[in-house]
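[1] any chance you could fold what I've pasted below:
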Amino acid sequence: MRKYVLIVAGGKGLRMGGDLPKQFIPLEGKPILMHTLEAFHRWDNAAELLLVLPEDHQPYWNMLCREIGCKAPHRIANGGETRFHSVRNGLQFLSEEIGNASGRNEKVLIAVHDGVRPFVSPEVICACFDEAEKSGAAIPVMPMIDSLRETDENGSHPVDRSRYVAVQTPQVFRSDILLEAYEQPFTSLFTDDASVVEAAGVPVRLVTGNRENIKITTPFDLLIAQGLLLNQSQNNIFRKTPP
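    From the prediction side, this is the model:
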């Protein structure tokens with residue numbers, strides 16, 4: 001079975017403030033995006049990693065890779081106007097080799113992941129791939145912990161939070177399902193890959209995500225990320241310390 005991971009990193013960083021796109025903000029000496037790529041490489045070094053990045057960001061990224069040294073081998077495809085178009089570009093970049101693999105009756109699974117989610121656990125990645133292999137489409141989710149209210153023209157009212165989940169990535173699909181879904185024309189209702197696939201008539205299965213798998217989009221998220229990375233470093237030290 002061939003495994004592809006599309007890492008989508010098209011953010012301009014507006015919610016983070018400043019001129020540096022959020023995927024390039026450093027965490028412990030490495031840009032967030034590099035941490036994300038290396039998380040997938042640690043999970044399975046045979047997985048094919050494709051970074052989908054705006055063309056005007058690529059020279060800066062290449063410079064970071066030369067100066068810092070990215071431990072995750074990857075290729076680069078050009079980003080698009082929206083996330084939808086970036087994923088479509090990535091799929092077009094891979095279409096020939098995916099077609100060749102399919103022609104050899106080799107099963108192909110494709111994950112799509114946000115470039116600013118560096119803390120996804122290997123267990124969650126495995127669970128998504130395993131479920132997608134069985135059912136064709138799988139996404140990680142987490143139960144809501146806050147109370148929720150719905151607003152309308154009459155004000156607001158509480159809703160049953162047990163009926164709602166927060167969606168994460170990676171979202172994993174059988175290649176034929178994802179390729180066909182992305183032949184649809186773009187609409188603003190496409191908020192993630194699952195919504196694109198469901199619009200093509202394919203049901204999506206849910207697996208349990210991990211709470212640390214946050215999307216780093218605000219300065220507050222960055223503070224949490226720094227704490228998570230510090231905790232990881234301390235745990236690694238303790239594991240390496242002999243009894």
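
[2] who are the packing partners of the helix or strand containing residue 39?
    Assigned by DSSP states H and E, residue 39 belongs to helix 32-43. Packing partners of helix 32-43 (3 or more C-beta pairs under 8 Å, 6 or more residues apart in numbering; DSSP states H and E): strand 2-8, strand 48-53, helix 58-68, strand 108-114, helix 122-135. Quick note: C-beta positions are derived from backbone N, CA and C, even for glycine.

[3] can I get the ones you listed in a markdown table including distance to residue 163?
    Converted to a markdown table, those look like this (distance: least, C-beta to C-beta, whole Å):
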| stretch | distance to residue 163 |
| --- | --- |
| strand 2-8 | 28 |
| strand 48-53 | 33 |
| helix 58-68 | 41 |
| strand 108-114 | 25 |
| helix 122-135 | 21 |
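
[4] beta partners of residue 30?
    residue 27 (DSSP bridges).

[5] from residue 129, how far off is it?
    Taking C-beta to C-beta, to the nearest Å as the measure, residue 30 falls 25 Å from residue 129.

[6] what's the answer for residue 185, then?
    Counting by C-beta to C-beta - residue 185 and residue 129 are separated by 29 Å.

[7] ok, residue 188 - how many residues close by?
    Using other C-beta atoms under 10 Å, residue 188 has 7 neighbouring residues.

[8] list the helices and strands the strand or helix carrying residue 76 packs on?
    Taking DSSP H and E as the definition, one finds residue 76 inside strand 75-78. For strand 75-78, the packing partners by 3+ C-beta pairs under 8 Å, 6+ apart come out as strand 48-53, helix 58-68, helix 83-103.

[9] tell me the angle the longest one makes with strand 48-53.
    Looking back up the chat, that one is helix 83-103. Interaxial angle, helix 83-103 versus strand 48-53 (axes from the mean of the first three to the mean of the last three C-alpha atoms, to 10 degrees): 160 degrees.
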